[in-house]
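Student: Take this sequence and fold it.
(one chain, ligands or ions: 1)
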Amino acid sequence: MPHPILYSFRRCPYAMRARLGILLAQQTVALREIVLKHKPDAMLEASPKGTVPVLLLESGQVIDESLAIMQWALACNDPHDLQLSQTPTLQQQAMALIAQNDTEFKPWLDKYKYADRHPEHDESYYRAQGEQFIQVLERQLAHSGALTDQTKHLSLINDRHSIADYAIFPFIRQFAHVDLTWWNSAPFPLTQRWLRQHIESPLFIAIMDKYPTWLESGISHTFGPNIAINECP
Ligand SMILES: N[C@@H](CCC(=O)N[C@@H](CS)C(=O)NCC(=O)O)C(=O)O
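Tutor: Numbers count the residues shown, from 1 in each chain. Here you go, the predicted model:
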């Protein structure tokens, strides 16, 4: 049975978010790796706005927003209720935090990353703007026990991982990587630990596999868990 097609770019945090959602929901897609400088015509035909990720379903439906791809996957299969559908208040909190990441934090992250293109301020100014969101995460992660129990898995919304953790950590990883020496000594112990837990997880390692580009190799990679638990229509 053919799988939905996912146009993806390994290093893009939005595409990481989509790939995380697909594996967490135990779905399988045909992954077409792209480079942003040379987007395949087939991708642009499906989604003319030209951003990754893009998911093309067998029905012909196109989903070209990363959060919507996560939601599509988790609507197919969400055994751990990562969408927090049983607790609407928490679900609202998760969505609000993701929206804050996407609309407030991400623009500062881009300016921090490419400070030379934004000479109105220096790098440390842009970083300080981004740090305001890291403070928010730090407060979210400060659940009881997390400070004393170093083995505890930290999570943003309640006492277990939710869609918010997976949708947000790829962006915090990017923020950390702009200047790792600074990040490692910054006063965000819980966010540092939370990020490390995610980056070192088998799930993250699995979504960061390297593939040759689809345009050059002609190969789509079957991307999914070893055993697909259920096929989503
Ligand atoms: N809101 C979109 C944003 C996706 C996005 O901006 N992706 C970047 C790569 S990380 C992109 O494709 N940019 C187009 C380009 O650089 O040409 C989503 O959530 O999927």
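Student: The ligand contacts on the protein?
Tutor: For the chain, the contact set with the ligand under Cβ under 6 Å from any ligand atom comprises 12, 14, 36, 50-53, 65-67. Quick note: C-beta positions are derived from backbone N, CA and C, even for glycine.
Student: Pick out the most distant pair among those residues.
Tutor: Spatial extent of the residues of the chain next to the ligand (Cβ to Cβ) is set by the pair Leu36 and Leu67 at 19.5 Å.
Student: Looking at the two now, which is surrounded by more residues?
Tutor: Neighbour count, other Cβ atoms under 10 Å: between Leu36 and Leu67, Leu67 has more, with 19 against 11.
Student: shouldn't Thr213 be in contact with Lys37?
Tutor: No - counting by Cβ atoms under 8 Å, Thr213 does not reach Lys37; the two are 10.7 Å apart.
Student: More neighbours: which of the two?
Tutor: A direct count of neighbours by other Cβ under 10 Å for Thr213 and Lys37 places Thr213 higher, at 16 against 5.
Student: So for that one, what's the nearest residue that isn't a sequence neighbour?
Tutor: The spatial neighbour of Thr213 that comes closest, neighbours along the chain excluded (Cβ to Cβ, 6 or more residues apart in numbering), is Glu33 at 5.0 Å.
Student: Show the pLDDT at the one you found.
Tutor: Glu33 carries a pLDDT value of 98.
Student: Can you give me the neighbour number for it?
Tutor: When neighbours are defined as other Cβ under 10 Å, Glu33 has 24 of them.
Student: now it, which residues is it bridged with?
Tutor: The bridge-partner assignment for Glu33, based on DSSP bridges, gives Ser8.
Student: same deal with the one 5 residues further on?
Tutor: Here His38 sits in beta bridges with Val35, going by DSSP bridges.
Student: That one and the ligand: what is the separation?
Tutor: From His38 across to the ligand, the span is 10 Å (Cβ to the nearest ligand atom, to the nearest Å).
Student: Let me see the contact set for the closest residue in space to Trp214 that isn't next to it in sequence.
Tutor: Leaving aside its chain neighbours, Trp214 sits nearest to Arg32 (3.7 Å; criterion: Cβ to Cβ, 6+ apart). Arg32 makes contact with 5-8, 40, 43, 214, 220 under the criterion Cβ atoms under 8 Å, 6 or more residues apart in numbering.
Student: would a markdown table of those residues with pLDDT, secondary structure and neighbour count be doable?
Tutor: Listed next are the contacts of Arg32 as a markdown table, based on pLDDT from 0 to 100; DSSP: H, G, I helix; E, B strand; the rest coil; neighbours: other Cβ atoms under 10 Å:
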| residue | pLDDT | secondary structure | neighbour count |
| --- | --- | --- | --- |
| Ile5 | 98 | strand | 21 |
| Leu6 | 98 | strand | 27 |
| Tyr7 | 98 | strand | 27 |
| Ser8 | 98 | strand | 27 |
| Pro40 | 97 | coil | 16 |
| Met43 | 98 | helix | 23 |
| Trp214 | 97 | helix | 22 |
| Ser220 | 95 | coil | 18 |
